[in-house]
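# Here is my input; please provide its structure:
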Amino acid sequence: QVQPVESGGGLVQTGDSLRLSCGGSGRALKYYIMGWFRQAPGKQREFVAALSRSGSSTYYDDSVKGRFVISRDNAVNTVYLQMNSLKPEDTAVYYCAASSSREFSSTTFEYWGQGTQVTVSS
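The predicted structure follows:
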């Protein structure tokens with residue numbers, strides 16, 4: 001099993017950039033499809049981005065496509081979410097998650113981190 005651990009959240013202004021990191025304990029992240037999700041106050045948790053074990057395939061929600069970039073460095077057991085051109089509507093708790101499924105699906109993530117707060121002020 002793996003336990004994802006997020007870091008890098010904070011308070012930024014509209015238009016700023018922020019990079020989230022996700023490390024893990026237990027089994028190495030390279031064995032998992034990795035993803036980022038977010039949950040805004042009063043809303044359900046939603047998919048943001050994911051990438052394959054090799055990092056060669058990426059998946060994005062339309063709301064972040066062109067602004068966010070997900071990547072991974074398996075050598076240092078870390079997954080990143082580079083967030084650019086941030087908007088107030090990006091404000092949420094961001095969660096890193098791992099999936100042992102063979103193929104990507106936003107509904108098959110089994111292991112979740114505790115989350116990191118991202119707040120974008122207008």
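# Now for the nearest residue to Gln1 once chain neighbours are set aside: which residues touch it?
Once flanking residues are discounted, Gln1 sits nearest to Gly26: 5.1 Å by C-beta to C-beta, 6 or more residues apart in numbering. C-beta coordinates here come from the backbone N, C-alpha and C atoms, glycine included. Residues near Gly26 by C-beta atoms under 8 Å, 6 or more residues apart in numbering: Gln1, Val2, Gln3.
# can you pick the most crowded of those?
Using other C-beta atoms under 10 Å as the neighbour test, these are led by Val2, with 20 neighbours.
# isn't that residue right up against Gly113?
No - Val2 lies out of contact with Gly113 (C-beta atoms under 8 Å); the separation is 9.9 Å.
# Phi and psi next, for Ser105.
phi -150, psi 140 (degrees, to the nearest 10).
# so where do the strands sit in the protein?
Along the chain, counting by DSSP state E, strands occupy 2-7, 10-13, 18-26, 33-39, 46-51, 58-60, 68-73, 78-83, 92-99, 111-112, 116-121.
# Ser105: which of the ones you listed is closest?
Closest to Ser105 of the strands of the chain, according to C-beta to C-beta: strand 92-99, at 7.6 Å.
# Show me what that closest one packs onto, helices and strands only.
Helices and strands touching strand 92-99, by 3 or more C-beta pairs under 8 Å, 6 or more residues apart in numbering; DSSP states H and E, are strand 2-7, strand 18-26, strand 33-39, strand 111-112, strand 116-121.
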